[in-house]
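> sequence plus predicted model, see below.
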Amino acid sequence: MFPPADAPLRVAHYTRRWLPQTQTWLYNQVRFLPDAVEPHVICEQTDNLDQFEVENLHSFADAAPWRHQWNVGLRFLGVRPYYPYTIEQVRACGADLFHTHFGDYSWQNLEVSRRAGVAQVATFYGNDVTSYPQQDPRWKDRYQALFEQVEGILCEGPHMAQSVVDLGCPADKVYVHHLGVPVDDIPFRPRTFESGPPLRVLIAASFREKKGIPYGLEALGRLRDEVPLEITIVGGVATVPLLGGFSKNVSGSEAERERIHDAIAEWDLEDAVRLMGYQPHEVLMQEAYNHHIFLQPSVTARNGDGEGGAPVTLIEMAASGMPIISTRHCDIPSIVKHGDTGLLAPERDPDALVDHLRRLIETPDEWPAMARAGREHVEAEYNAPIQGKRLARRYREILHD
């Protein structure tokens, strides 16, 4: 039953881990919902709570550790993909709507929404669209079941939305909802550059093939003799513990780490590159204001993995007044408007990246207008408080339908 108009809409959010440092965008979705929505977060385990504190957090591993381990084993063996704990928490919080984040988790939770008697909304984010169905044909059938039963699919941009439709989802169930950043908390400081001092370039991404970092390093390496460079890379390979003392990579790969180190050596950039590893979001933003250009050369990986939508870091950097060079990949062109708010190259094209870097170096007078256009675009389409209100309206529309 739909809640009374004067009652808060209770929404149970599910994600497996609350919350990796690379998923600040998910934190913003929950914390910027208006008072008309009462969010509850249900997860399997918790990380970084000092950075991502929320009310109404329900963690299986914290509440019942031995039961949690038993259920992890059942899922690992393929006996049961969902957790009864999730059903219990959805019921206990009186959820009107169940919002599962990531398409694969949404399929696993179909039985949760059925048994709890609550409509489910799913959000796809990236490799759940671009990679899973290509790597494992079973996901095509699983997603058909999801598309039939779920009330709505949210996607961060039109490219991802069309990709979900191409997988077989009815178009009338697919909605574009931009991810938001807290624009008011991001000072607008347009960057300037004068010849002489080193050009400081920032890259921030997990070490995954789709991030295209080696292509960016090649482009920078080819400019090394033309301009002094200081390059900072924030990101790396993250792991989580598993049963029996094992662990798995959840963000990044060792193979890509090797390719990045090889590129640094090949282009003689050892003394120009600073590798910081993963950092808290506040550290990333501090670094951003100490750099001139943000470089995000995303590509479609050989296994089909892609951004799906676009890295939220692009939104933050645009809001901060930083020139951006990226690629025509997935929904990146929705954020970076070529020639207006930044510059876009084809995927896997170091020549084009070099040309764009040269253009920015040679025409610093274009930077202020580019910075203003980027900030205005973010304020209109990616401001977290506004997106929170839009998401609340979307929830009610989906339930009414």
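Thanks, I have it.
> buried stuff in the strand or helix carrying residue 380?
For residue 380, the host element (DSSP states H and E) is helix 367-381. Residues of helix 367-381 classed as buried by neighbour count (16 or more other C-beta atoms under 10 Å): 367, 370, 371, 373, 374, 375, 377, 378. From N, CA and C alone the C-beta is placed, and that goes for glycine too.
> and of these, the nearest to residue 15?
Using C-beta to C-beta, residue 378 comes nearest to residue 15 of the buried residues of helix 367-381, at 24.5 Å.
> what pLDDT is listed against the closest residue to the closest one other than its chain neighbours?
Nearest-residue entry for residue 378: residue 319, 4.4 Å, with adjacent residues in sequence omitted and distances by C-beta to C-beta, 6 or more residues apart in numbering. If you check residue 319, the pLDDT there is 98.
> export the buried residues of helix 367-381 to CSV and append columns for distance to residue 182 and pLDDT.
Shown next, in CSV, are these (distance: C-beta to C-beta, whole Å; pLDDT from 0 to 100):
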residue, distance to residue 182, pLDDT
367, 24, 97
370, 22, 97
371, 18, 98
373, 20, 98
374, 16, 98
375, 13, 98
377, 16, 98
378, 11, 98
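> quick one: which of those is nearest residue 118?
When those are compared against residue 118 (criterion: C-beta to C-beta), the nearest one is residue 378, at 33.6 Å.
> quick one: low-confidence ranges for the protein?
1-6, 79, 239-252 (pLDDT under 70).
> apart from its chain neighbours, what residue comes closest to residue 177?
Per C-beta to C-beta, 6+ apart, closest to residue 177 is residue 154, 4.6 Å.
> regarding the one you found, what is its secondary structure?
strand (DSSP: H, G, I helix; E, B strand; the rest coil).
> in the lengthiest helix in the chain, which residues are buried?
Longest helix of the chain, by residue count under DSSP state H: helix 384-400. Residues of helix 384-400 classed as buried by neighbour count (16+ other C-beta under 10 Å): 384-389, 391-392, 394-396, 398-399.
> now stretch 99-115
So stretch 99-115, judged by 16+ other C-beta under 10 Å, has buried residues 99-113.
> wait, which of those is closest to residue 11?
With C-beta to C-beta as the yardstick, the closest approach to residue 11 among the buried residues of stretch 99-115 comes from residue 99, at 5.4 Å.
> make JSON lines from the buried residues of helix 367-381 and add distance to residue 37 to it.
What follows is the buried residues of helix 367-381, written out as JSON lines (distance: C-beta to C-beta, whole Å):
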{"residue": "367", "distance to residue 37": "39"}
{"residue": "370", "distance to residue 37": "36"}
{"residue": "371", "distance to residue 37": "34"}
{"residue": "373", "distance to residue 37": "32"}
{"residue": "374", "distance to residue 37": "29"}
{"residue": "375", "distance to residue 37": "28"}
{"residue": "377", "distance to residue 37": "26"}
{"residue": "378", "distance to residue 37": "23"}
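> quick one: the strands in the stretch 1-150 of the chain?
9-14, 17-18, 37-43, 45-46, 57-59, 97-101, 119-123 (DSSP state E, counting those that start in this stretch).
> in JSON lines, list those along with distance to residue 300.
Shown next, in JSON lines, are the strands of the stretch 1-150 of the chain (distance: least, C-beta to C-beta, whole Å):
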{"stretch": "strand 9-14", "distance to residue 300": "28"}
{"stretch": "strand 17-18", "distance to residue 300": "26"}
{"stretch": "strand 37-43", "distance to residue 300": "30"}
{"stretch": "strand 45-46", "distance to residue 300": "31"}
{"stretch": "strand 57-59", "distance to residue 300": "35"}
{"stretch": "strand 97-101", "distance to residue 300": "23"}
{"stretch": "strand 119-123", "distance to residue 300": "21"}
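> how about the ones you listed, which one is nearest residue 359?
The nearest among the strands of the stretch 1-150 of the chain, by C-beta to C-beta, is strand 119-123 at 36.0 Å.
> what about dumping the CA coordinates of that closest one to CSV?
Only the C-alpha atoms of strand 119-123 are listed here, as CSV (Å, rounded to 0.1, in the frame of the first residue of the first chain):
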residue,chain,number,x,y,z
ALA,A,119,8.5,-3.3,-4.8
GLN,A,120,12.1,-3.2,-5.9
VAL,A,121,13.9,-0.5,-7.8
ALA,A,122,17.4,-1.2,-9.2
THR,A,123,20.3,1.0,-10.2
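> what is it packed up against?
strand 97-101, helix 103-108, helix 110-116, strand 152-155, helix 384-400 (3 or more C-beta pairs under 8 Å, 6 or more residues apart in numbering; DSSP states H and E).
> parallel or antiparallel, list what pairs with that strand.
Partners of strand 119-123 in the sheet, by DSSP bridges, are strand 97-101 (parallel), strand 152-155 (parallel).
> now the residue at the greatest distance from the centre of the chain: how far from residue 222?
The centre of the chain is farthest from one residue, residue 196, which by C-alpha atoms, centre = their mean lies 35.8 Å away. To residue 222, residue 196 is 20 Å away according to C-beta to C-beta, to the nearest Å.
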